[in-house]
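Enquirer: Give the three-dimensional model of this entry:
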Amino acid sequence: MYQLFCGLGFCLVCLPIPCCAIGSASSDSSRVLLVSLDGFRADYLEKTDLPNFRLLISDGVRAKYTINAFITKTLSNHYTIVTGMYQESHGIVGNNMYDPVWDEHFKLGHPSYLDQKWWNSGEPIWITNQNNFGKSAVINWPGSFINIRNEYPTYYLPTYDESIPLRKRIDWIVKHFQDDDVNLGILYHHEPDPTGHKFGPNSPELIECLKSLDNDVGYLVDQLKRTGLYDTTSIIITSDHGMADVSIERIIELDKFIDSSLYNVDNNNPIFGIWPKDDEDKIYNILKSASDHMRVYKKDEIPPDFHYQANRRIAPILLVAKEGWMIYQNFTAVFPTSEDRKNFNVGEHGFDNRLEVMHPMFIAHGPVFNQYQPDADPFHTVDIYPLICYILGIPESPNNGSISRVSHILKPNTGLWWMTNKLFSAISTELLLLTLNIPILFLLWKMNKMNMFQIRNLFNKLVLK
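Expert: This next block holds a predicted model:
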């Protein structure tokens, strides 16, 4: 039976089709470039004149902000962006965490960080793309050099290398777009995060960093234009979190209230996970009354908006510092001298993701995005994964995002639904034969012989010339 349908599909697809001016989308427009600039707060775009960011926005989309995942740390939020999952779902619940079943600790920068078993609950977009016959080029994105679900990106760096300048990373991606038929490029850059940490989010040094990044965005646009890729690439520039002012004068020291030998801790300052060794209620009650500048939750009390409860790696007690405050067990042990205290970071993130200062920016430009939309309503970072799947024309793996929450930034004439609606609104005698192809293509897809990316490309070749 399968051979019969394949033969019929081949005959119908290969019949001559009259050319019809029903659209101009090309299969090349299913190319996506995702860029993350670590720690780029949404309101940084107003701090100084950034002409190259402004150019993208003027002909594209800027969201007021995105709602990132709690906790607002780098590793966990970058994994949220590429999986579309909250941290309780993908399992990377912090830069540092403990798994009570394995009785093992995970620490950013430690060899444990490279063990795939910590990462396998989520499926990054590069795996989804490759499972649907796409090719991915990923540079320095957290997790991209880990063998997640026994698969790496098609092209990637074997280790994280912060020394590579942003322009070299751009060149690397563009070259793979040009030479290797890559349809998904993903680029991570560490700035302005370290500058915000060291000097603060309102410092002159941060302004200079933003101007430098703006120049690099101009370089990205120039390279895409030079190679003829600019008009056919959907560009998304976003971030993982914002940045808040903190001070050495706003410190909560747990040792002033409770003996540190009574518990273990996951330190994701300004968030602490407390693992009591005994008498959880006693420890909870002591911490609950310790300071007005932090919130203390038992695991079942954690606010539902955090989506940070249903995972065994989340500690039984969670401490959440209020904006601008930091938590230490013993501050003097970490910064014993006045000279050491000069290295105290005056900018920090990790706080409640509902705070304005924690919100990341989002800019998009390209064939699927609206134009002249500089003030789009916010959405969640978990929605970026289904958005990319939509653009690539591939089915989503399980995730917590929703394409409907980002529909307001998309042109109405994009995607498979646009092609279907456009087709049926333009049916004429000349197109009747073409409509017979649709159920055949759908049947081939359902039989797992073609994916959405292939179907859309075939449709483009048949009709959208």
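Enquirer: for the longest helix anywhere in the chain, what is the average pLDDT?
Expert: Secondary structure of the chain per DSSP state H: the longest helix is helix 204-226. Average pLDDT, helix 204-226: 98.
Enquirer: Would you mind identifying the next helix or strand past that helix?
Expert: strand 233-238 (DSSP states H and E).
Enquirer: So which elements touch the very next helix or strand once past that next one?
Expert: Next helix or strand after strand 233-238 toward the C-terminus (DSSP H and E): strand 244-245. Contact partners of strand 244-245 among helices and strands, from 3 or more C-beta pairs under 8 Å, 6 or more residues apart in numbering; DSSP states H and E: strand 347-348. Yep, even glycine has a C-beta here, placed from its N, CA and C like the rest.
Enquirer: So what are the sheet partners of the strand it packs on and their directions?
Expert: Next to strand 347-348 in the sheet, as set by DSSP bridges, lie strand 244-245 (antiparallel).
Enquirer: for the strand it pairs with, the distance to its chain's centre please.
Expert: Strand 244-245 sits 22 Å away from the centroid of its parent chain (C-alpha atoms, centre = their mean, to the nearest Å).
Enquirer: and what of stretch 62-71?
Expert: Computed by C-alpha atoms, centre = their mean, the separation of stretch 62-71 from the middle of its chain amounts to 10 Å.
Enquirer: mind starting the numbering at 533 from now?
Expert: Yep, numbering from 533; the last one is stretch 594-603 now.
Enquirer: and this structure, what are its domains?
Expert: What automatic domain parsing lists as the domains of the chain is 534-557+956-995, 563-777+887-941, 783-876.
Enquirer: Include mean neighbour count when you put those domains into a markdown table, please.
Expert: Output for those, formatted as a markdown table (neighbours: other C-beta atoms under 10 Å):
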| stretch | mean neighbour count |
| --- | --- |
| domain 534-557+956-995 | 14 |
| domain 563-777+887-941 | 20 |
| domain 783-876 | 16 |
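Enquirer: on that earlier part again, now the angle between strand 765-770 and the longest helix of the chain, please.
Expert: 170 degrees (axes from the mean of the first three to the mean of the last three C-alpha atoms, to 10 degrees).
Enquirer: residue contacts, the closest residue to His825 other than its chain neighbours?
Expert: Spatially, and ignoring its direct neighbours in sequence, His825 is nearest to Trp857 (4.5 Å; C-beta to C-beta, 6 or more residues apart in numbering). Residues in contact with Trp857 (C-beta atoms under 8 Å, 6 or more residues apart in numbering) are 778, 782-784, 802, 825-826.
Enquirer: can we see that at 7 Å?
Expert: 782, 784, 802, 825-826 (C-beta atoms under 7 Å, 6 or more residues apart in numbering).
Enquirer: Please spell out the segments of this protein that come in under the pLDDT threshold.
Expert: Across the chain, the ranges flagged by pLDDT under 70 are 533-561, 945-997.
Enquirer: coming back round to it: which one of the contacts of Trp857 is nearest to Arg594?
Expert: Pro802 (28.5 Å; C-beta to C-beta).
Enquirer: out of everything not next to it in sequence, what's closest to the closest one?
Expert: Counting by C-beta to C-beta, 6+ apart, the residue nearest Pro802 is Ala853, at 3.6 Å.
Enquirer: tell me the secondary structure for the residue most central in space within the chain?
Expert: In the chain, the residue lying closest to the centroid (C-alpha atoms, centre = their mean) is Ile613, at 2.0 Å. Secondary structure assignment for Ile613 (DSSP: H, G, I helix; E, B strand; the rest coil): helix.
Enquirer: That one is in contact with Thr913, isn't it?
Expert: Yes. Under the criterion of C-beta atoms under 7 Å, Ile613 makes contact with Thr913 at 5.4 Å.
Enquirer: ok, now how distant is the residue nearest to Asn679 when sequence neighbours are not counted from Ser608?
Expert: Distance criterion C-beta to C-beta, 6+ apart; nearest residue to Asn679, sequence neighbours excluded, is Gln648 at 4.9 Å. Distance, Gln648 to Ser608, using C-beta to C-beta, to the nearest Å: 17 Å.
Enquirer: One more: Ile790?
Expert: 26 Å.
Enquirer: Also Glu781?
Expert: Distance from Glu781 to Ser608, by C-beta to C-beta: 28 Å.
Enquirer: How about Lys649?
Expert: On the measure of C-beta to C-beta, Lys649 and Ser608 end up 16 Å apart.
Enquirer: Then Gln710?
Expert: 33 Å.
Enquirer: where's stretch 890-904 relative to the chain centroid, distance-wise?
Expert: Counting by C-alpha atoms, centre = their mean, stretch 890-904 comes out at 13 Å from the chain centroid.
Enquirer: hmm, I was thinking of stretch 825-843
Expert: Offset of stretch 825-843 from its chain centre (C-alpha atoms, centre = their mean): 22 Å.
Enquirer: Double-check Pro892 against Ala601; I have them as touching.
Expert: No. The criterion here is C-beta under 7 Å, and Pro892 misses it with Ala601 at 10.5 Å.
Enquirer: SS state for Asn609?
Expert: Quick answer, by three-state DSSP: Asn609 is helix.
Enquirer: residues touching it, list them.
Expert: Applying C-beta under 7 Å, 6+ apart, we find Asn609 in contact with 600-601, 772-773, 913.
Enquirer: Tell me where the stretch 683-832 of the chain has helices.
Expert: Using DSSP state H, counting those that start in this stretch, the helices of the stretch 683-832 of the chain run over residues 698-711, 725-731, 736-758, 812-820.
Enquirer: packing partners for the shortest one?
Expert: When contacts are defined as 3 or more C-beta pairs under 7 Å, 6 or more residues apart in numbering; DSSP states H and E, helix 725-731 packs onto helix 736-758, strand 879-880.
Enquirer: okay if I get the ones you listed as JSON lines plus distance to His839?
Expert: Formatted as JSON lines, the helices and strands packed on helix 725-731 follow (distance: least, C-beta to C-beta, whole Å):
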{"stretch": "helix 736-758", "distance to His839": "30"}
{"stretch": "strand 879-880", "distance to His839": "22"}
